[in-house]
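Novice: next one to model:
(one chain, ligands or ions: 1)
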Amino acid sequence: MLVKIALAPAWDGHYTLPMRKLRLLLVIAWFIPSAQLPAGQNNELLQVHFVDVGQGDAIWIQGPAGECTDNGLNIIIDGGPHTGKSNRLITYLETYKFVKDSLVDCAIVTHPHDDHYPGMADVLQNYRVKTIVDSGFPDVGVKFQKFLTLVKAEKVGNVKSTFVELRKQPKFQFADCGDLHMSILFSDTDQTGLGSGNSRTNNASTVVRIEYKKFVFLFMGDLEGKDRKDPADKLSLGEKALLSKAPAEKLRATVLKVGHHGSETSSTLSLIRAVQPEVVVIQSGRKAFSGTFLPDQGVLDRYKKELPGSVIVRTDEGDEAQGLDTTNDADGDDIAILTDGDSLRVRQARISGGKRRWVTVKTIQK
Ligand SMILES: [Zn+2]
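Specialist: Predicted structure coming up:
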């Protein structure tokens with residue numbers, strides 16, 4: 001109970017406990033077994049967690065303590081496909097003693113597809129979310145409309161949460177938080193040339209950029225760059241719109257969460273060359289699409305050829321070899337990227353012999 005208070009900030013993000021009590025609580029927190037965590041309870045770092053939810057995206061970002069709030073910002077980008085007990089995003093957060101009613105500063109739903117938003121309903125129900133950002137893409141079904149009802153009912157205390165529909169507020173941006181700068185590089189508009197059907201919905205994805213001191217992270221949602229059959233040097237759809245809109249210096253990033261789970265329809269050569277990531281993160285699972293699985297081999301080959309010094313990390317790590325399918329592919333291949341702004345560590349939870357342990361995949365010093 002004491003630890004619960006220590007790790008859950010008050011609604012305004014500031015501790016209300018006397019310092020002596022707070023110190024005691026922090027000492028207690030220090031002794032919590034942290035072997036299953038990638039960096040213990042270290043909230044001096046910017047931590048970006050790509051949670052293995054199988055085929056889908058779920059990303060938890062915890063800002064360093066002192067940047068905007070005493071205890072660090074909490075941001076969630078997408079909630080994955082599963083709800084209830086199957087929602088690994090929630091169980092992952094619980095591992096961090098992220099208890100019920102904790103404060104989430106911002107929840108972003110990149111686009112209204114089933115592998116991105118359903119798990120966010122649990123986030124709204126379990127935590128107090130201050131701001132919810134949605135693409136505002138108008139062509140959505142009944143299920144997503146139902147989800148939006150939940151979004152519109154969200155409150156923090158007696159205060160109604162802020163709901164941002166980017167279509168209606170295209171100039172919306174986040175306030176800077178000290179050294180932490182978060183911005184939206186691309187959001188849905190009614191412009192033409194963004195595909196049709198499922199592809200159109202993917203190209204409604206909100207693209208988020210986070211800069212912390214010497215490092216930049218880019219989160220692409222499911223933004224696409226070409227038709228599947230087109231060559232990699234063709235550029236169209238959302239990637240074309242992004243590249244023509246965002247300044248080149250804003251596109252360069254150390255860490256890229258690739259678009260559309262590493263599908264052949266994304267990661268065109270133009271995009272890869274504009275971003276030049278040193279860490280390529282792919283969130284994917286064992287769901288078959290017309291007999292093939294994501295990521296596509298052609299995309300992996302493109303990153304390896306264009307950026308031989310980069311590392312590719314995947315949330316479906318080893319899933320194929322283990323014979324996993326959609327019922328059990330959310331098995332814990334989580335990725336955590338930790339930085340103090342000068343150095344950056346890429347860690348992944350690896351499972352072998354029934355045991356799960358965190359290994360450092362790459363360290364970058366700037
Ligand atoms: Zn997706």
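Novice: which stretches of the stretch 151-300 of the chain have low pLDDT?
Specialist: By pLDDT under 70, the stretch 151-300 of the chain has no low-scoring segment.
Novice: get me the contact residues on the stretch 151-300 of the chain for the ion.
Specialist: Contact residues, the stretch 151-300 of the chain versus the ion (CB under 5 Å from the ion): residue 222. Using the backbone N, CA and C atoms, a C-beta is placed for each residue, glycine as well.
Novice: can you map out the helices along the stretch 151-300 of the chain?
Specialist: Ranges of helices within the stretch 151-300 of the chain are 197-202, 237-245, 248-251, 269-275, 297-306, based on DSSP state H, counting those that start in this stretch.
Novice: can you add mean neighbour count and give the ones you listed back as JSON lines?
Specialist: What follows is those, written out as JSON lines (neighbours: other CB atoms under 10 Å):
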{"stretch": "helix 197-202", "mean neighbour count": "17"}
{"stretch": "helix 237-245", "mean neighbour count": "21"}
{"stretch": "helix 248-251", "mean neighbour count": "13"}
{"stretch": "helix 269-275", "mean neighbour count": "19"}
{"stretch": "helix 297-306", "mean neighbour count": "16"}
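Novice: now render those helices as CSV, adding distance to residue 176.
Specialist: Formatted as CSV, those follow (distance: least, CB to CB, whole Å):
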stretch, distance to residue 176
helix 197-202, 29
helix 237-245, 21
helix 248-251, 14
helix 269-275, 22
helix 297-306, 31
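Novice: ok, and what's touching stretch 236-247?
Specialist: For stretch 236-247, the surrounding residues in contact (CB atoms under 8 Å, 6 or more residues apart in numbering) are 185-186, 191, 193-195, 199, 202-203, 205, 207, 223-227, 230, 235, 251, 259, 265-266, 268, 270-271, 274.
Novice: which of these are buried, as a PyMOL select command?
Specialist: The PyMOL selection below is limited to those of the contacts of stretch 236-247 classed as buried (16 or more other CB atoms under 10 Å):
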select buried, resi 185+186+194+195+199+202+203+205+207+223+224+225+226+235+251+259+265+266+268+270+271+274
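Novice: and for residue 66, the neighbour number?
Specialist: Residues near residue 66, counting by other CB atoms under 10 Å, number 15.
Novice: give me the subset of the contacts of stretch 236-247 that lies in strands.
Specialist: Using DSSP state E, the subset of these located in strands is 185, 186, 207.
Novice: show me which of those residues is closest to residue 88.
Specialist: Checking these against residue 88 by CB to CB gives residue 207 as the nearest, at 24.1 Å.
Novice: hmm, residue 220 and the closest one touching each other?
Specialist: Yes. Residue 207 lies in contact with residue 220 (CB atoms under 8 Å); the separation is 5.6 Å.
Novice: list residues touching both of these two?
Specialist: Overlap of the contact sets of residue 207 and residue 220 (by CB under 8 Å, 6+ apart) is empty.
Novice: what sits against residue 128?
Specialist: Residue 128 neighbours (CB under 8 Å, 6+ apart): 11, 101, 102, 103, 104, 154, 155, 156, 157.
Novice: quick one: the third one from residue 339, how far?
Specialist: Residue 102 sits 23 Å away from residue 339, taking CB to CB, to the nearest Å as the criterion.
Novice: which one's more surrounded, these two?
Specialist: Taking neighbours as other CB under 10 Å, residue 102 and residue 339 compare with residue 339 leading, 23 against 20.
Novice: contact partners for that one?
Specialist: Going by CB under 8 Å, 6+ apart, residue 339 touches 45, 46, 212, 213, 215, 345.
Novice: which ones among these lie within strands?
Specialist: Among the contacts of residue 339, the ones falling in strands (DSSP E) are 46, 212, 215, 345.
Novice: who does the third one bridge with?
Specialist: Residues in a beta bridge with residue 215, per DSSP bridges, are residue 212.
Novice: tell me the phi and psi of the closest residue to the ion within the stretch 51-200 of the chain?
Specialist: At 4.2 Å from the ion, residue 115 is the closest residue in the stretch 51-200 of the chain, using CB to the ion. As for residue 115, its main-chain torsions (degrees, to the nearest 10) stand at phi -100, psi 10.
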